[in-house]
Every structure is written in C-alpha cells, then in structure tokens.
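J.: Below are the sequence and a predicted model; questions follow.
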Amino acid sequence: MKKLLLAVVVGVALSGCGGGGGSDESKPTPPPVVDIKPTVAQGTIKSVNYDNSTINVNGHSYKVEQVKYGSQELSITSLKPNMMVEVSMLTRNGAVVSVEPTMVGVVTKISADRKTFVVNGVTLSFALDRHIELHDWVMVSSLPQATADGLGYKVLSVIKIEQEDVASQYEIEGRLSDLDQNTQTFKLGATTNVYFGDAIIEDNATLTNGQWVEVKGQLGVNSFDAREVEVETYDDFDNDHEIEGIVTWVNSDKSQFELNARGRFIVNAQTRFEDGTKANLVAGELVEVTTFNGIAKEIEFEREFGGAIGDWREFDREGYVTSVGDDHFMIAGETFYVDAYTEFEDLLTLDTLHGQYVDVEGVLINGKKVAREIEREDD
C-alpha cells in the first residue's frame, strides 16, 4: 500500500570501438525501492515476524523497539495479526508500538457455535479461537459497524491475554450518548451504561453526546464504573499521519468525510486517490488516509475489503425549522439531533435555527437522525 518512492538513478555508459563503428550500451541498474514511512500510523497489523522483530502495518514494515499497552510494557509476542495498533517512529533503533484495543475484559458468555460472545456486557459476533474459553481475559480490536441498533462493532481480532498484562483493568470504546450530568452517566454504543462520577476526564475535556471515548475502569453489576475517560479524536493530528478506518459519513459534494466516528477530514483538489476515485468515497468503505492539518492528502481504498460494512443510512432534508430543543430541532414534524460532530455553516447555531430554512445532512444512529452538516438554503 504503499507509499513507495523510487530513488532515481541515472547511469550512462559509453564505449567506442575503432574501425567499423558500433557501441555497446549497458543496461542501467534498476533504482532501489525505498519505503517512506509516516511518522505515526494507526491501523491493523497485517503480519508479525517475531525472529526479526518486525511488523507490517498499512503496508509498511517496522522494526519494533518497544511494545506498550498504556503505561505497561509488553513483549513483542503480544502482537498478533489484525490487532489494532498505533506505530510511532520515535527512536533511532525502531518504532514504539502502542496496542489500541476497542475492548479489554473477561469473556462471560460464548454461544454453542462459538460465533458470538460477550465481553464487558456487549454481545459481539466473531468466530472465536478454540483456545479462548469462558473467564479468559481478551483484547478485542474492531472498527465501527452500522447495525439495526445503531453504531456497533465489526470485530477484527480477539486475542487472549494474561491478566497481569492489563492489571485487571477493563476497557471499552464507543460513541457517547444519553449524557446526564445530574446522574453522571452516559451510554456507550447501544447497551453499555457508564458511571463517570469518580473518573478522571483526560485533558479536562468537556463530555458531549456524539464523541468517541475510551473508558477504563471496572465492570459493575449494572454499569461500567469508569476510572478514566478519554475523548478520542483526530483533531490534534498534523502532518505525516496515516490512519486506517471506516468512512462513517460523507457530505453530499464529497468535500468532507468522517472517519471511524471520531474525526472529520477535508477533501480538496490536491487530495490523491489510490485504488479508487472520489466517487468511491462512501460510508462503509475501508480506507487509509494520509493527513495534513485536517486535510486528506491521500485516500487509499482497501479494495480487497469487499465494500461497505453494514447498512449505513444517510439523509438529506430541507425545510423550515419549527422548534428547537437542547440537543435537537424539528422540520415538518421530523426530529433531528445535534452532537459533538454537527457542523453549522453560514454562522448558524442551534440557538438561531428557529424559523430558518436549512439543508440538513446526517446519518441515522440508534434510530435517531443525527445532523452532520447544517447550512442555510434559499426556499
């Protein structure tokens, strides 16, 4: 995949012979292929070579210097194919690999056919390895998936781990909804209730519906009791970052898109496309995005991926806003919700929407029409 640069080498050999003329030109030496690696790459491990201490992520080969899960150091043998990681080229000796699972927890239920299982109260679909049993600790890597209940999890790998490797701390990621500051609770995905009253909110972030968050803590009887909550976003990514993920929304003119339900990128005239065109940029596609200050420099389609995950349902509505609430507004009897990733154009805000004729683009999540872009239109 592959950001490959051919170093141009030009060699010219001339030889002459007397008496009848003629020349013998030697063939130029083929130029070497150099793999230009991004400074930071997020994606799944395609392969691991334990003997050489190398992994392949997003088509690049990395020499592994250190493996971490949070602040805990792990062995390279902990790395497995299809595990989600972040790779940073921070040392001269090699790369620092941070394991980035969607869930860490104990398997509490396995179906008879071993095709569904439960971790952290969430039922997941995946054919489990025969070595994974009830009460084993596992790391689950996944991508967002459209489901009948909303935004779910497309499981990529389930890796058995030792309890001491994670210090018995549970973890779960997902889209935040139903935030209630009075009870200090919110919901992740369709089913997981989280209590964050005793949690440290990383970077003193303000929690808002629609954010993708990582929660670490303990699994309680009726809820997940958070110790740490971190908002996951791509807003602080600058030059030379490469991210693998699912397109979770695209606006109508394909000038912006959302990746992994946690960040938005701009598409402009300089954006390059590989293994596809701008027309292929639709919700559900698996892509690799090379970014520069929020702009997609390159979008590469994973054509072997086979197309969209789930039934991604988008909408586009026009009309007069007849009423406005704390997190929603209405057009012709339909309710539309706003969240952390709703973008207001033309200096509009939620407070100024009433009576405006607007065009609303968005996506259906948990049965709700969630606005992604709102702009003023002529009626």
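T.: Yes, it's here.
J.: low-scoring stretches of the stretch 101-250 of the chain, by residue?
T.: Within the stretch 101-250 of the chain, the segments meeting pLDDT under 70 span 148-150, 236-239.
J.: Flag every buried residue along stretch 318-332.
T.: Judged by neighbour count (16 or more other C-beta atoms under 10 Å), stretch 318-332 contains these buried residues: 319, 321, 324, 327, 328, 329, 330, 331. Using the backbone N, CA and C atoms, a C-beta is placed for each residue, glycine as well.
J.: I should have written stretch 88-98 there, sorry.
T.: Per 16+ other C-beta under 10 Å, stretch 88-98 contains these buried residues: 88, 89, 94, 95, 96, 97, 98.
J.: How far away from the center of its chain is that stretch?
T.: Distance, stretch centre to chain centre, for stretch 88-98: 21 Å (C-alpha atoms, centre = their mean, to the nearest Å).
J.: Can you pick out the most distant pair from the buried residues of stretch 88-98?
T.: Largest separation among the buried residues of stretch 88-98 by C-beta to C-beta: 94 and 98, giving 13.6 Å.
J.: so what's the residue most central in space within the chain scoring on pLDDT?
T.: The centre of the chain sits closest to residue 260, judged by C-alpha atoms, centre = their mean, with a distance of 3.8 Å. pLDDT recorded at residue 260 is 94.
J.: Hmm, it is touching residue 151, no?
T.: No: the pair residue 260 / residue 151 is not scored as a contact, 10.3 Å apart, by C-beta atoms under 8 Å.
J.: Which residues are in contact with each of those two?
T.: 144, 248 (C-beta atoms under 8 Å, 6 or more residues apart in numbering).
J.: The stretch 251-379 of the chain: strands as residue ranges?
T.: Using DSSP state E, counting those that start in this stretch, the strands of the stretch 251-379 of the chain run over 256-259, 263-266, 272-274, 286-292, 295-301, 314-324, 328-331, 334-337, 343-344, 357-365, 368-376.
J.: Look up the closest residue to residue 249, ignoring the ones flanking it.
T.: residue 258 (4.1 Å; C-beta to C-beta, 6 or more residues apart in numbering).
J.: Please report the distance of the one you found from residue 100.
T.: Residue 258 sits 19 Å away from residue 100, going by C-beta to C-beta, to the nearest Å.
J.: Can you pick out the residue with more neighbours from those two?
T.: Between residue 258 and residue 100, counted using other C-beta atoms under 10 Å, residue 258 has the larger neighbour count: 22 against 18.
J.: ok, now which ones touch the more buried one?
T.: 247, 248, 249, 250, 264, 341, 372.
J.: can you tell me which residues contact residue 186?
T.: Each residue near residue 186 by C-beta under 8 Å, 6+ apart is listed here: 176, 177, 178, 179, 180, 193, 194, 196, 207, 209.
J.: and it, how far is that from residue 102?
T.: 17 Å.
J.: do residue 324 as well
T.: 35 Å.
J.: secondary structure element for residue 186?
T.: Using DSSP states H and E, residue 186 sits within strand 185-188.
J.: after that strand, next one along is what?
T.: Assignment by DSSP H and E places the next element after strand 185-188 at strand 192-195.
J.: helices or strands up against that following strand?
T.: Strand 192-195 is packed against strand 185-188, strand 224-232, with contacts defined by 3 or more C-beta pairs under 8 Å, 6 or more residues apart in numbering; DSSP states H and E.
J.: looking at the ones you listed, which is buried most?
T.: Comparing the helices and strands packed on strand 192-195 by mean neighbour count (mean count of other C-beta atoms under 10 Å), strand 185-188 ranks first with a mean of 22.
J.: rewinding a little: contacts only, for the residue nearest to the centre of the chain.
T.: Counted by C-beta under 8 Å, 6+ apart, residue 260 has contacts 143, 144, 212, 243, 245, 246, 248.
J.: Based on its surroundings, how many neighbours for residue 86?
T.: 18.
J.: does residue 231 really touch residue 205, like I thought?
T.: Yes: assessed by C-beta under 8 Å, residue 231 is found in contact with residue 205 at 4.6 Å.
J.: separation between residue 39 and residue 183?
T.: 42 Å.
J.: In terms of packing, which of those two has more residues around it?
T.: residue 39 (13 against 10).
J.: how near is that one to residue 296?
T.: Using C-beta to C-beta, residue 39 is found at 16 Å from residue 296.
J.: Contacts only, for residue 257.
T.: By C-beta under 8 Å, 6+ apart, the neighbours of residue 257 are 247, 249, 250, 251, 264, 265, 267, 281, 296.
J.: Please apply the same query to residue 132.
T.: With C-beta under 8 Å, 6+ apart, residue 132 has these contacts: 107, 110, 138, 158, 160.
J.: Now rank those residues by neighbours and give me the top one.
T.: Result: residue 158 is most packed of the contacts of residue 132 (other C-beta under 10 Å), 25 neighbours.
J.: what about it, which helix or strand?
T.: Assigned by DSSP H and E, residue 158 falls in strand 150-161.
J.: Outside of the very next helix or strand once past that strand itself, list whatever touches it.
T.: Going down the chain from strand 150-161, the next helix or strand is strand 170-180, by DSSP H and E. The contact list for strand 170-180 (C-beta under 8 Å, 6+ apart) reads 101-106, 120, 122, 150-151, 153, 185-189, 192, 207-219, 224, 232, 261, 339, 365-366.
J.: Pull up the pairing partners for strand 170-180, direction included.
T.: Within its sheet, strand 170-180 is paired with strand 103-110 (antiparallel), strand 185-188 (antiparallel), strand 212-219 (antiparallel), according to DSSP bridges.
J.: hmm, back to that, of the contacts of residue 258, which is the nearest to residue 291?
T.: Of the contacts of residue 258, the one sitting nearest to residue 291 (C-beta to C-beta) turns out to be residue 264, at 10.9 Å.
J.: gap between the nearest residue to that closest one once chain neighbours are set aside and residue 289?
T.: Among residues not flanking residue 264 along the chain, residue 258 sits closest, at 5.1 Å (C-beta to C-beta, 6+ apart). Per C-beta to C-beta, residue 258 is found 11 Å from residue 289.
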